[in-house]
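*Asks:* need a structure here:
(one chain, ligands or ions: 2)
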Amino acid sequence: MKRTLIKNLLNSAAALNRVRVSGWVRTRRDSKGFSFLEVNDGSCLKNLQVIVEETGPAFGQLAAVTTGAAVEIDGALVESPGAGQKWEVRAIGLRLLGGADPETFPLQKKRHTDEFLRTIAHLRPRTNKYGAMFRIRSEAAFAVHRFFRERGFHYLHSPILTGSDCEGAGEMFRVTTLPLHPPASPEGDGPFADDFFGKEASLTVSGQLEAELFASALGSVYTFGPTFRAENSNTPRHAAEFWMIEPEMAFADLSDNMDLAEDLVKALTVHVLENCREDLDLFAKFVDKQLMASLETIAAQPYERLPYADAVDILKTSGRAFEFPVDFGADLQTEHERFLCEEHFKKPVIVYNYPREIKAFYMRLNDDDRTVAAMDLLVPRVGELVGGSQREERYDVLERRILENGMKLESYWWYLDIRRFGSVPHAGFGLGFERFLMMATGVTNIRDVIPFPRTPKHLEF
Ligand code: 4AD
Ligand code: MG
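*Replies:* Ligands and ions are numbered 1, 2, ... in the order given. All right, here's what the predicted structure looks like:
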């Protein structure tokens, strides 16, 4: 007999004589010759109540059925007389698949702190909160692919191993097969001559450069995969490994880019509101009471769009004592970004045309020669969710910008080639998937929205 998902049993239209469920026992309560098991199989937030008669045929292995144990149960799905659930299962057979010693199983009934649960990231998906989180994450990932597919974008698998630094920020993890203390290479060979690729290799910080190459052939593409940054900032918003969604569109400018970013954030928000309601309700109840109202705003309201210079004026005249002072030329900090969308506009904000000095080399230089066609989409609770730009499609300007940024032209010959052969205006952005999940659930630490967080000095699991 095949097992039925608890989610389907709980939504059953009728009683069923014979079903099989498999799952983990969340709690067990004994009363008047019966055991009441709350069983969860991960298919949904809710548990299934299973009633085992202590003298019945299912009784055999009951003694070892404790919180955390894995069981397989055969029985009948019947209407539950008790409050709180429509259906329950009356067991006629019970098999213990794997016990869980009550002395050592860490997830006993009481609530645990997020900090503690991070130390047992291998077990935390068995809690209500983290089960809900990772179902939402899965559903949101599906929504990403659906969004782009519906708009004619092609999914590009950009490489993880790379020889170039997209952001030019020097925050790359080196990948090497060299021994820790390699013997000195013969004169002139360079330190990586004997390395796997014969040159310096790293984990990618972004799939953008490759996405630009493919957008210049397939028109509209997107990447969605892990990216890596060795920035040593221990903040609740930065992880060393995070997932990024990076669309890239040929024949598009900054305004098309802003439209796409706004549409994407809205579509993902609507998708989780429509498909993850039960799991989201948990976060609205226990994590952020304003969550639903905020998500409705994000899903429905047009986003504010304003130039960086105007944003700086608003911040300077706000009367707020920010930790980091603002002035034209300074990068906006999370406190500024959150002030703009949480307090000033009370909705998501897209800031565009940033000073060229604080943005990456590939962003298109504006006619004022001072700013670039960059845009950041800022959202409540998180700050920067999306960063993107129109790209510099003019060969000579790009060449100058690469040199100005102290980068080597010969490392980017292929990137420049795109500007030599059929160059077109194009634009794209990166959306931090974990930041989206923080926004969608109200969870304030990035370590709690990614299955196994990687942060400075932390690489357990
Ligand atoms: O603004 P960023 O650095 O932009 C890029 O990497 C561009 N190449 C994207 C593009 O245009 N295709 O990063 C984009 C987004 C940020 O807005 C943020 O949401 C997220 O990626 N992000 C991080 N998320 C978690 N941990 C980190 N260390 C992150 N760094 C960036
Ligand atoms: Mg950015």
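*Asks:* where do the strands of the stretch 251-400 of the chain begin and end?
*Replies:* Assigned by DSSP state E, counting those that start in this stretch, the stretch 251-400 of the chain shows strands spanning 304-307, 349-355, 371-379, 383-390.
*Asks:* quick one: closest of those to Glu88.
*Replies:* Comparison of the strands of the stretch 251-400 of the chain against Glu88 by C-beta to C-beta identifies strand 371-379 as nearest, at 41.5 Å. Placement of C-beta: from N, CA and C, glycine included.
*Asks:* need the residues of the stretch 251-400 of the chain near ligand 1, please.
*Replies:* 384-388 (C-beta under 6 Å from any ligand atom).
*Asks:* can we see that at 8 Å?
*Replies:* Residues of the stretch 251-400 of the chain lying near ligand 1 by C-beta under 8 Å from any ligand atom: 360, 362, 376-377, 382, 384-389.
*Asks:* likewise the stretch 51-200 of the chain?
*Replies:* Residues of the stretch 51-200 of the chain lying near ligand 1 (C-beta under 8 Å from any ligand atom): 166-167, 169.
*Asks:* out of these, which are inside helices?
*Replies:* Among these, DSSP state H puts none in helices.
*Asks:* now the buried members of those.
*Replies:* 166-167 (16 or more other C-beta atoms under 10 Å).
*Asks:* could you list the domains of the protein?
*Replies:* Residue ranges for the domains of the chain, per automatic domain parsing: 6-98, 124-448.
*Asks:* now do the shortest one: distance to the chain's middle.
*Replies:* When distances are taken as C-alpha atoms, centre = their mean, to the nearest Å, domain 6-98 is centred 34 Å away from the chain's centroid.
*Asks:* mean confidence score for it?
*Replies:* For domain 6-98, mean pLDDT rounds to 94.
*Asks:* ends of that domain, what's the gap?
*Replies:* This stretch, domain 6-98, spans 19 Å end to end (C-alpha to C-alpha, to the nearest Å).
*Asks:* now for the residues of the stretch 251-400 of the chain next to ligand 1: which two are most distant?
*Replies:* It's Tyr362 and Val382 that sit farthest apart of these, by C-beta to C-beta, at 24.3 Å.
*Asks:* before we move on, the earlier item: need the residues of the stretch 51-200 of the chain next to ligand 1 in CSV (columns: pLDDT).
*Replies:* Output for these, formatted as CSV (pLDDT from 0 to 100):
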residue, pLDDT
Cys166, 79
Glu167, 82
Ala169, 79
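*Asks:* nearest to Lys316 among the residues of the stretch 51-200 of the chain next to ligand 1?
*Replies:* Looking across these and measuring by C-beta to C-beta, the closest to Lys316 is Ala169, at 26.9 Å.
*Asks:* so who does the closest one touch?
*Replies:* For Ala169, the contacting residues are 205, 231, 360, by C-beta atoms under 8 Å, 6 or more residues apart in numbering.
*Asks:* next one: Phe251
*Replies:* So Phe251 contacts 219, 424-426 (C-beta under 8 Å, 6+ apart).
*Asks:* just the ones of these in strands?
*Replies:* His426 (DSSP state E).
*Asks:* need the pLDDT of Arg174.
*Replies:* With respect to pLDDT, Arg174 has a value of 95.
*Asks:* SS state for the closest residue in space to Gly198 that isn't next to it in sequence?
*Replies:* With C-beta to C-beta, 6 or more residues apart in numbering as the criterion, Gly198 has its nearest non-adjacent residue at 6.6 Å, and that residue is Phe192. Under DSSP: H, G, I helix; E, B strand; the rest coil, the three-state class of Phe192 is coil.
*Asks:* check contacts around Phe192.
*Replies:* Per C-beta under 8 Å, 6+ apart, neighbours of Phe192: 176, 178, 198-201.
*Asks:* just the buried members of these?
*Replies:* Neighbour-count burial (16+ other C-beta under 10 Å) is assigned, among the contacts of Phe192, to 176, 200-201.
*Asks:* one step back: and of the contacts of Phe192, the nearest to Thr162?
*Replies:* Minimum distance to Thr162 across these is 7.1 Å, recorded for Ala201 (C-beta to C-beta).
*Asks:* can you name the residues bridging to the closest one?
*Replies:* Val175 (DSSP bridges).
*Asks:* about what we covered before: possible to save the strands of the stretch 251-400 of the chain as TSV with mean neighbour count and distance to Leu273?
*Replies:* Formatted as TSV, the strands of the stretch 251-400 of the chain follow (neighbours: other C-beta atoms under 10 Å; distance: least, C-beta to C-beta, whole Å):
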stretch	mean neighbour count	distance to Leu273
strand 304-307	16	21
strand 349-355	23	21
strand 371-379	25	15
strand 383-390	24	17
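*Asks:* end-to-end on stretch 194-207?
*Replies:* Taking C-alpha to C-alpha, stretch 194-207 runs 27 Å from one end to the other.
*Asks:* now do the contacts for Pro451.
*Replies:* Applying C-beta under 8 Å, 6+ apart to Pro451 gives the contacts 121, 125, 134.
*Asks:* just checking, which of the residues you listed belong to helices?
*Replies:* Phe134.
*Asks:* nearest to ligand 1, of the contacts of Phe192?
*Replies:* Using C-beta to the nearest ligand atom, Ala201 comes nearest to ligand 1 of those, at 18.8 Å.
*Asks:* ends of stretch 116-124, how far apart?
*Replies:* 9 Å.
*Asks:* that one: which residues count as buried?
*Replies:* 117-118, 121, 124.
*Asks:* hmm, who's touching that stretch?
*Replies:* So stretch 116-124 is contacted by 106-107, 127, 130, 447-448, 451-453, 460-461 (C-beta under 8 Å, 6+ apart).
*Asks:* which residues touch stretch 142-161?
*Replies:* Under C-beta under 8 Å, 6+ apart, the answer for stretch 142-161 is 175, 197, 201-204, 207, 210-211, 214, 218-226, 245-247, 263-264, 267-268, 271-272, 275, 433.
*Asks:* still on that earlier bit, roughly how far does the residue nearest to Gly198 sit from Ser158?
*Replies:* Phe192 sits 22 Å away from Ser158, going by C-beta to C-beta, to the nearest Å.
*Asks:* do the same with Gly93
*Replies:* Counting by C-beta to C-beta - Gly93 and Ser158 are separated by 50 Å.
*Asks:* more neighbours, those two?
*Replies:* Using other C-beta atoms under 10 Å as the criterion, Gly93 and Ser158 rank with Ser158 on top: 24 against 16.
*Asks:* three-state assignment of that one?
*Replies:* coil.
*Asks:* show the pLDDT at it.
*Replies:* Value for Ser158, per-residue pLDDT: 97.
*Asks:* name the SS class of the residue lying closest to Leu156 once chain neighbours are set aside, please.
*Replies:* Distance criterion C-beta to C-beta, 6+ apart; nearest residue to Leu156, sequence neighbours excluded, is Val221 at 4.4 Å. Under three-state DSSP, the three-state class of Val221 is strand.
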